[in-house]
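Visitor: sequence first, then the predicted structure, then my questions.
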2 protein chains.
Amino acid sequence: MPSISGKTIGRLCVYRRQLQRLRDEGKSNVYSHQLAALTGGSAAQVRRDLMAIGYRGTPYHGYRIDELSGSIASFLDDPDGQEVALVGLGNLGRAILAYFDGWRPHLTITAAFDVDPGKVDRVIHGCKCYAIAKLESITRRRKIAVGVICVPAREAQTVAEKLAGGGVKAIVNFAPRRLHLPDDIYVEDIDVTTALEKAAFFALEHKRQPDSKAK
Amino acid sequence: MPSISGKTIGRLCVYRRQLQRLRDEGKSNVYSHQLAALTGGSAAQVRRDLMAIGYRGTPYHGYRIDELSGSIASFLDDPDGQEVALVGLGNLGRAILAYFDGWRPHLTITAAFDVDPGKVDRVIHGCKCYAIAKLESITRRRKIAVGVICVPAREAQTVAEKLAGGGVKAIVNFAPRRLHLPDDIYVEDIDVTTALEKAAFFALEHKRQPDSKAK
DNA sequence: TCACATTTGTGATTTTTGTCACATAGTTAT
DNA sequence: ATAACTATGTGACAAAAATCACAAATGTGA
């Protein structure tokens, strides 16, 4: 089947966010080239992506913002809502928790886990904390299918296996380690270190050859 | 010239990290297929990437870890070291600061900026904080070429322009906004929201068709 | 009504990225 | 020696992603 690419999924998320913004500004429709400018792509790419989810605009009027928004939502979101489990309440874990506190109701971090007994049973940024020992049983019982790993690199693999054991099907991994898991489990790596080193490299290129246009 | 791809740069960073780990374990050489297993790529890809920086291994012995490490370092790193400026000391900004505290000496966050007068002139996680008003002058005076944006989305564009105005050439952007900058400035977006939504989507796919092998 | 301007949808094409497969070269064992 | 292995380096190839470019659709205005 014409399975949809991960890159397209990512862009659809970005389009949706911009659409909400446009709607807040009172706009009711939008052209592919406007969305492209807003998201840093090309107009043709926007059209291709929207084609993938089957929503069709109309020439001369572009896309209806509310309809398109709804179309993306019904493609991306679980109508029953989805819960997320976060593991690791260090600085980064707590920041992520704060970041998503009061987020969309259909995608919420509803359980956090840490080894530190001082954090267990407290509520941090609106989220109840549990001991890691309870990870598998809680995710399984509540059918949580999405996990976020914010533990130190050394413990990432162990935690990932516990999440998988608890029935989690997709993981956002902040630890700088490749996770080794059954390949029906989706892993989205967020590698902050690499991102910084990459940026540093391109800044350096600039210093090495002060002329060329990079990107 | 045979300009090197951004994806390759990213993988080189990852290889290097794994190499350091192997060296800490006392290993002295490594094969392309081992490095591949450790980083989640293919052996052929590892060889291609290493080819790109000109380091050559030897058949039957693979690559010398110390030499290869050094080779990557001399390709990626500025021998004079590089300073990084971080803007926005909310939860996320402070977490990033802590994350990189005591990081490699050649790439260090040495200046942080925030609007909150309560944070200005303090030292947070080993980093001195300044008022945003001083951003341009400080980055320019200290020739800082790398910036990290951790401010709320609304202020991201303004801050990005100030960084660019201060001579910064590469930016790691945590704000969920496309930055509009001269195109000789490199931007690496870290979009946590999109990452989570993407993961949620793939978890949902799993629920919709409980059979297929995804990724 | 008819020419014209604007924008979508998509086949065709290009560019980028990754994989294959094999010649080459180092190593071991007999 | 030389035969049998093992691993690299790389040209050839395949797959994926992005772009081009134009027909079809829609609206505008004389």
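Guide: Now that the structure is in, tell me what you want to look at. Fair warning: this is a prediction, and the values are worked out from it, not measured in the lab.

Visitor: so A:Tyr15 touches A:Gly41, yeah?
Guide: No: taking Cβ atoms under 8 Å as the definition, A:Tyr15 is not a contact partner of A:Gly41, at 9.1 Å. Any C-beta I mention is one placed from the backbone N, CA and C, and that applies to glycine too.

Visitor: for A:Leu35, helix, strand, or coil?
Guide: For A:Leu35, the reduced secondary structure class is helix; criterion used: DSSP: H, G, I helix; E, B strand; the rest coil.

Visitor: next up, the contacts around it.
Guide: A:15, A:18-19, A:41, A:43, A:46, A:63 (Cβ atoms under 8 Å, 6 or more residues apart in numbering or on different chains).

Visitor: same deal with A:Gly6?
Guide: Under the criterion of Cβ under 8 Å, 6+ apart, the contact partners of A:Gly6 comprise B:Lys198.

Visitor: per-residue confidence at it?
Guide: Per-residue confidence (pLDDT) for A:Gly6: 98.

Visitor: state the distance from it to DNA strand D.
Guide: Plainly put, A:Gly6 is 6 Å away from DNA strand D if you go by Cβ to the nearest atom of the strand, to the nearest Å.

Visitor: what residue is smack in the middle of chain A?
Guide: A:Val172 (7.3 Å; Cα atoms, centre = their mean).

Visitor: was I right about that residue contacting A:Ala160?
Guide: No: in this structure, A:Val172 is not within contact of A:Ala160 by Cβ under 8 Å, at 11.1 Å.

Visitor: between those two, what contacts are shared?
Guide: Common neighbours of A:Val172 and A:Ala160 (criterion: Cβ under 8 Å, 6+ apart): A:Ile149.

Visitor: pLDDT below threshold where in chain A?
Guide: Applying pLDDT under 70 to chain A flags residues A:1-2, A:211-215.

Visitor: biggest strand in chain A by residues?
Guide: Among all segments of chain A classified by DSSP state E, the strand with the greatest residue count is strand A:107-114.

Visitor: immediately after that one, which helix or strand?
Guide: The C-terminal neighbour of strand A:107-114 among helices and strands, as given by DSSP states H and E, is strand A:123-124.

Visitor: and the helix or strand following that next one, which strands flank it?
Guide: Tracing the chain C-terminally past strand A:123-124 and defining elements by DSSP H and E, one meets strand A:127-131 next. Within its sheet, strand A:127-131 is paired with strand A:107-114 (parallel), strand A:123-124 (antiparallel), according to DSSP bridges.

Visitor: sorry, back to before: A:Tyr15 and A:Gly41: which is more packed in?
Guide: When A:Tyr15 and A:Gly41 are compared on other Cβ atoms under 10 Å in any protein chain shown, the one with more neighbours turns out to be A:Tyr15, at 24 against 18.

Visitor: need the contact list for that one.
Guide: The contact partners of A:Tyr15, by Cβ under 8 Å, 6+ apart, come to A:35, A:39, A:46, A:49-50, A:68, A:72.

Visitor: quick check: it is in a strand.
Guide: No: secondary structure of A:Tyr15 (three-state DSSP): helix, not part of a strand.

Visitor: of the contacts of A:Leu35, buried ones?
Guide: A residue is treated as buried here by neighbour count (16 or more other Cβ atoms under 10 Å in any protein chain shown); on that basis the buried members of the contacts of A:Leu35 are A:15, A:18-19, A:41, A:46, A:63.

Visitor: residues touching stretch A:187-198, excluding its own?
Guide: For stretch A:187-198, the external contacting residues (Cβ under 8 Å, 6+ apart) are A:160, A:170-174, A:176, A:178-179, A:181, B:6, B:9-10, B:13-14, B:17, B:76, B:84, B:96, B:99-100, B:107, B:146, B:148, B:172, B:188, B:190, B:192, B:195, B:198-199.

Visitor: what is the end-to-end distance of it?
Guide: Stretch A:187-198 stretches 21 Å from its first residue to its last (Cα to Cα, to the nearest Å).

Visitor: which bits of chain A sit near DNA strand C?
Guide: Taking Cβ under 7 Å from any atom of the strand as the measure of proximity, chain A contacts DNA strand C at A:31-33, A:43-44, A:47-48, A:50-51, A:56-60, A:62-63.

Visitor: buried among those? Need that as a selection in PyMOL.
Guide: Of the residues of chain A next to DNA strand C, the buried ones go into a single PyMOL selection, burial set by 16+ other Cβ under 10 Å:
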select buried, chain A and resi 31+32+47+50+57+62+63
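
Visitor: so which of the residues of chain A next to DNA strand C are in helices?
Guide: Counting by DSSP state H, the members of these that fall within helices are A:32-33, A:43-44, A:47-48, A:50-51.

Visitor: can you list the domains in chain A?
Guide: A:6-75, A:82-194 (automatic domain parsing).

Visitor: any idea how far the first one is from the chain center?
Guide: From the chain centre to the centre of domain A:6-75 is a distance of 18 Å (Cα atoms, centre = their mean, to the nearest Å).

Visitor: ok, the longest one next?
Guide: Chain-centre distance of domain A:82-194: 13 Å, with Cα atoms, centre = their mean.

Visitor: and DNA strand D, is it touching that?
Guide: No: applying Cβ under 7 Å from any atom of the strand, one finds domain A:82-194 out of contact with DNA strand D, separated by at least 14.0 Å.

Visitor: would you map the helices across chain A?
Guide: Applying DSSP H to chain A gives helices spanning A:6-24, A:32-39, A:43-52, A:65-76, A:91-100, A:135-141, A:153-165, A:192-208.

Visitor: could you dump those helices to TSV with distance to B:Arg154?
Guide: Conversion of the helices of chain A to TSV gives the following (distance: least, Cβ to Cβ, whole Å):
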stretch	distance to B:Arg154
helix A:6-24	11
helix A:32-39	15
helix A:43-52	24
helix A:65-76	20
helix A:91-100	15
helix A:135-141	35
helix A:153-165	33
helix A:192-208	22
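
Visitor: so what's the spatially closest residue to A:Gln45 that is not a sequence neighbour up against?
Guide: If you skip the residues right next to it in sequence, A:Gln45 has A:Ala36 as its closest partner in space, 6.9 Å away by Cβ to Cβ, 6 or more residues apart in numbering or on different chains. Contacts of A:Ala36 were listed using Cβ under 8 Å, 6+ apart, and they are A:42-43, A:45-46.
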